[in-house]
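Student: give me a 3D structure for the following:
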Amino acid sequence: MQMANHSAPQEAHWLQIFWQLEKGNHPIRPTLTTPSEKVEDVLTRALMEFHTLGYIDSPESFSAPSQLSNFWNLSVLDDGLQRTLKLDQTLEAQGVTEGSKIFIQALSRPALAQHVDPELPVLKEGSNLLVFALVFCILLLVGAIVFVALSGPAKKPAKRGNTPTKNLTLPTDTEIPSFSTEKLTASKDAGAAEKAAEVLPEEAPPEKEALPEPAPPKKRKVVKKKRKKRKLIKRKRKRRKKVRRRRSKRRVKKKRKATKRKRKRRKKVRRRPTKRR
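Tutor: Below you'll find the predicted structure:
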């Protein structure tokens with residue numbers, strides 16, 4: 001297949017595609033500022049705008065007009081599948097990033113004349129406001145958390161018995177009395193002597209009665225624990241079995257009674273004569 005030359009009709013075709021993009025509520029609206037402006041300039045500007053919006057990683061790789069014209073020429077091919085394959089190969093050869101690939105593939109399809117390609121990320125109206133609101137909410141939340149953290153941890157209540165100590169500070173004017181250690185020791189000795197004089201003569205403690213010798217412990221019958229445990233488990237199982245049987249019998253009885261009642265009711269309804277008008 002031959003590659004179409006970059007001519008005037010093709011320029012018109014690309015401008016048409018851009019206008020379709022605009023109709024599809026796309027934020028990019030490239031326009032020709034002057035009649036002499038070439039389509040390459042329009043496309044380069046479009047790429048720059050795509051880069052600012054974050055759809056393309058680097059617009060520098062497409063800045064050369066020759067490269068641009070090569071890519072745009074691929075759009076003239078008729079077979080959609082071949083065109084996409086060829087475009088992919090070209091992009092890989094040029095070392096194009098994934099984001100740019102999506103953008104160029106979207107632009108290179110004639111289907112854009114009807115609708116915007118779904119692969120191309122579209123910013124709808126009001127999405128900016130939504131993003132702003134979201135960011136604002138997050139900031140508020142972070143602010144609240146920081147405020148709570150800065151306000152400090154809650155004061156713990158004082159434990160019982162441990163009364164909080166007050167700052168006992170003496171004023172600087174008051175003189176602190178000085179105590180001599182000699183006087184203190186002398187007074188202590190005098191007090192001890194007085195107490196010793198008051199103490200009565202020691203009385204002999206009463207003799208304790210001899211306790212009877214404890215009787216030897218009775219010999220217990222040695223029972224093997226494991227056997228005992230097994231017996232208990234067996235009893236438990238039997239009991240549960242009986243309970244289950246009892247319950248199942250009860251259920252069966254109730255069901256039978258209920259079915260009998262239903263049958264009777266149905267019979268009554270059948271026998272009931274129809275109302276005569």
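Student: what's the neighbour count on Lys218?
Tutor: Number of residues near Lys218 (other C-beta atoms under 10 Å) recorded here: 5. No exception for glycine: its C-beta is placed from N, CA and C like everyone else's.
Student: let's verify it: helix, strand, or coil?
Tutor: Classification of Lys218 by DSSP: H, G, I helix; E, B strand; the rest coil places it in coil.
Student: local confidence estimate at it?
Tutor: With respect to pLDDT, Lys218 scores 77.
Student: dihedrals phi and psi, it?
Tutor: Per-residue torsions, Lys218: phi -70, psi 140 (degrees, to the nearest 10).
Student: quick one: it from Val142, how far?
Tutor: Going from Lys218 to Val142 by C-beta to C-beta, to the nearest Å gives 76 Å.
Student: same deal with Lys268?
Tutor: Separation of Lys268 from Val142 (C-beta to C-beta): 74 Å.
Student: same check, this time on Val243
Tutor: 61 Å.
Student: likewise Pro216?
Tutor: According to C-beta to C-beta, Pro216 stands 79 Å off from Val142.
Student: these two - which one has more neighbours?
Tutor: Between Pro216 and Val142, counting by other C-beta under 10 Å, Val142 is the more crowded of the two (10 against 6).
Student: which strands or helices does the helix or strand hosting the more buried one pack on?
Tutor: Assigned by DSSP states H and E, Val142 belongs to helix 127-150. For helix 127-150, there is no helix or strand it packs on, judged by 3 or more C-beta pairs under 8 Å, 6 or more residues apart in numbering; DSSP states H and E.
Student: can I get it in CSV, CA atoms only?
Tutor: C-alpha atoms of helix 127-150 as CSV (Å, rounded to 0.1, in the frame of the first residue of the first chain):
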residue,chain,number,x,y,z
SER,A,127,-14.9,16.6,36.5
ASN,A,128,-12.5,19.4,37.5
LEU,A,129,-15.0,20.5,40.1
LEU,A,130,-15.3,17.0,41.4
VAL,A,131,-11.5,16.7,41.6
PHE,A,132,-11.3,20.0,43.4
ALA,A,133,-14.0,18.9,45.9
LEU,A,134,-12.2,15.6,46.6
VAL,A,135,-8.9,17.3,47.2
PHE,A,136,-10.5,19.9,49.5
CYS,A,137,-12.2,17.1,51.6
ILE,A,138,-8.9,15.2,51.9
LEU,A,139,-7.1,18.4,53.0
LEU,A,140,-9.8,19.1,55.6
LEU,A,141,-9.5,15.5,57.0
VAL,A,142,-5.7,15.8,57.2
GLY,A,143,-6.0,19.2,59.0
ALA,A,144,-8.4,17.7,61.5
ILE,A,145,-6.1,14.8,62.2
VAL,A,146,-3.1,17.2,62.7
PHE,A,147,-5.1,19.4,65.0
VAL,A,148,-6.1,16.4,67.2
ALA,A,149,-2.5,15.2,67.3
LEU,A,150,-1.1,18.7,68.3
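Student: which residues touch it?
Tutor: Around helix 127-150, nothing counts as a contact under C-beta atoms under 8 Å, 6 or more residues apart in numbering.
Student: where does the prediction get shaky in this structure?
Tutor: Low-confidence segments of the chain (pLDDT under 70): 1-128, 152-207, 220-223, 274-277.
Student: and the longest helix for it?
Tutor: Counting by DSSP state H, the longest helix found in the chain is helix 225-271.
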